[in-house]
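Engineer: just coords:
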Ligand code: ADP
Ligand code: NI
């Protein structure tokens, strides 16, 4: 079983060699570590969780013209090729397809403990100091403004509006990052999320102070 994980880690590391920094191998490594941490507190199938963590961003729809099936498909082909049993392959594909924040704004049709864990692990990496770094990196990649006091954040209730926003990066904190602490599935993730949330609140408070020149 460990051999499947090792081979998958090798494959993902190579596939993501030139990936942008928000979704590169280091993101995968952090999510994988988060999964291992959460598994110390939760009962679930370890292999499925680790494989899904490793493969969850193998082909992000954001970088494939919005195609949300290409990631699960590539993951499935790889796992079948190395001999992982069909039911595990299917489960990993279901996790990848349903775990993203975007997917959770649409109709979620699949549920499992393993999905909960991998989703929490990925969401934790969008919070705290790393989450802040990733948000500004993504905003830079898209050439967004850091902040614009004239463009207020909006609540995205559907997937399309969330996906198509071009708002400044600071809005993303209100539209997603600050909402994550209440979306954690597991108790262990909720505890970690609380600290990361507080750090983001502190960051925002200083950001506005410095913006206004109140120092
Ligand atoms: P999703 O499932 O919402 O597409 P991801 O989990 O793939 O999101 O997001 C990857 C990273 O990019 C996260 O750290 C997320 O906060 C960041 N990100 C996504 N959209 C934006 C945005 N509009 N502005 C800034 N950062 C963003
Ligand atoms: Ni991810």
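Structural biologist: Looks like it came in fine. Quick caveat: nothing in here was measured; it's all calculated off a predicted structure. Residues are numbered from 1 along each chain as shown. Ligands and ions are numbered 1, 2, ... in the order given.
Engineer: which residues are contacting stretch 192-209?
Structural biologist: Contacts with stretch 192-209, where a contact means Cβ atoms under 8 Å, 6 or more residues apart in numbering, come from 37, 123-124, 127-129, 131-132, 147, 170, 173, 177-178, 180-181, 184, 215. For the C-beta atoms, the positions are set from N, CA and C on the backbone; glycine is no exception.
Engineer: Please repeat the previous calculation with a cut-off of 7 Å.
Structural biologist: Stretch 192-209 is contacted from outside by 124, 127-129, 131-132, 173, 177-178, 180-181, 184, 215, using Cβ atoms under 7 Å, 6 or more residues apart in numbering.
Engineer: roughly how far is it from the heart of the chain?
Structural biologist: In terms of Cα atoms, centre = their mean, to the nearest Å, the centre of stretch 192-209 is found 19 Å from the chain centre.
Engineer: quick one: is the helix or strand bottoming out on mean pLDDT in the chain near ligand 2?
Structural biologist: Lowest by mean pLDDT, DSSP states H and E among the helices and strands of the chain is helix 101-105, with a mean of 73. No - contact of helix 101-105 with ligand 2 is not found when judged by Cβ under 5 Å from the ion; the minimum separation is 9.5 Å.
Engineer: Indicate whether the biggest helix by length in the chain makes contact with ligand 1.
Structural biologist: Secondary structure assigned by DSSP state H gives helix 187-212 as the longest helix of the chain. No - using Cβ under 6 Å from any ligand atom, helix 187-212 never reaches ligand 1; the gap is at least 10.9 Å.
Engineer: Tell me the buried residues in that helix?
Structural biologist: By neighbour count on 16 or more other Cβ atoms under 10 Å, the buried set for helix 187-212 is 188, 189, 192, 193, 196, 197, 200, 204.
Engineer: Thanks a lot, catch you later.
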